[in-house]
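*Asks:* I need the structure of the sequence given here:
(one chain, ligands or ions: 1)
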Amino acid sequence: MKTTIKKAILPAAGLGTRFLPATKASPKEMLPIVDKPLIQYAVEESISCGIEDFIIITGKYKRAIEDHFDTAYRLEEKLRTSGKEKILKELNKLNHINLAYIRQRVPMGLGHAILCAKPFVKNEPFVVILSDDVIDPEYPLLQEMIKIYEKKKCPVIALEEVPRSEVNRYGIIDGRQEGNMYRINNLVEKPKPEKSPSNLAIIGRYILTPEIFNILEKQKPGAGGEIQLTDALKSLVKKTPIYGYLIKGKRYDAGDKLGYLKATVDFALKNRELSGDFKKYLIEKIEKLR
Ligand code: G1P
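*Replies:* Okay, the predicted model is just below:
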């Protein structure tokens, strides 16, 4: 796909508290769904849109991410000499991408994580992907958002309708529907259900323009005492249009145990090598549970 967007920021400095103790010493972004870590799904989704420059915002205990995208000489040599060319090819398929790692020294929130990338993004539009929001790879959400960006040249945010009782887990927007989009007029980070302007939740895919950096630089801490991207967008929408795009495919909250299990089951059922046996196992299991 042809796009003027070249860079993706992948925040990966969060503490992953919902997945402790698994995420005590290893990053949440490295949790695998079937055979690939969450962050690799995010990278592959961006590559399918023509993005090849990645800025990964890391923190303490996140070195495994760098190792994952690095060359593993010994392992590769072993695979080569034992004729495992197929796995070798799979391991090397991301070798062409450009990766930069920035360490967020203090866990000050998503807005602060994005701000850390400012010196490397400069004056370009960019994509932000939150790896724990996993999108079904068959559904080209990011491509659809990029098409809107190329037409409007304004920030575009992915949205999903969530139950009212869950709005306090998300950034929520208020907006007016315009065709298949929402023209956003307000955003609130993790509102109480009774105070929420809608049930349209922000999902971890954003196309942003560099003006956001100037706002983030002055942004005061918001919900949870953190510098929130949603709060910066709330200021930005007063100056420039921001569009919301309601997702049409499946999204999994893989940062949550139940969402992670659902993603694992669905991805395993679509996996060519596993699906037959796994389906058989699930059917037997369900019969026993009845
Ligand atoms: C972040 C954002 C929130 C958004 C959510 C999507 O929250 O701050 O606005 O709705 O991602 O997953 P977090 O999940 O990091 O608490």
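*Asks:* how about low-confidence regions in the chain?
*Replies:* Across the chain, nothing is flagged by pLDDT under 70.
*Asks:* closest point of it to the ligand, which residue?
*Replies:* The nearest approach of the chain to the ligand comes at Gly171, 2.4 Å away (C-beta to the nearest ligand atom). Just so you know, the C-beta spots here come from the backbone N, C-alpha and C atoms, and that holds for glycine as well.
*Asks:* run through the bridge partners of that residue.
*Replies:* Gly171 has these beta-bridge partners by DSSP bridges: Glu189.
*Asks:* that one: neighbour count?
*Replies:* Gly171 has 25 neighbours, counted by other C-beta atoms under 10 Å.
*Asks:* list the contacts of it.
*Replies:* Gly171 is in contact with Leu187, Val188, Glu189, Lys190, Ala201, Ile202, Gln228, Leu229, Thr230, Leu233, counting by C-beta atoms under 8 Å, 6 or more residues apart in numbering.
*Asks:* buried ones in the strand or helix carrying the first one?
*Replies:* It stands for Leu187. Per DSSP states H and E: Leu187 is located in strand 181-189. Across strand 181-189, burial judged by 16 or more other C-beta atoms under 10 Å covers Met181, Tyr182, Arg183, Ile184, Leu187, Val188, Glu189.
*Asks:* same check on stretch 258-271?
*Replies:* In stretch 258-271, counting by 16+ other C-beta under 10 Å, buried: Gly259, Tyr260, Lys262, Ala263, Thr264, Asp266, Phe267, Ala268.
*Asks:* quick one: secondary structure of the third one?
*Replies:* Right, the one you point to is Lys262. Following DSSP: H, G, I helix; E, B strand; the rest coil, we place Lys262 in the helix state.
*Asks:* leaving out sequence neighbours, find the closest residue to it.
*Replies:* Excluding the flanking residues, the one nearest Lys262 by C-beta to C-beta, 6 or more residues apart in numbering is Tyr252, at 5.8 Å.
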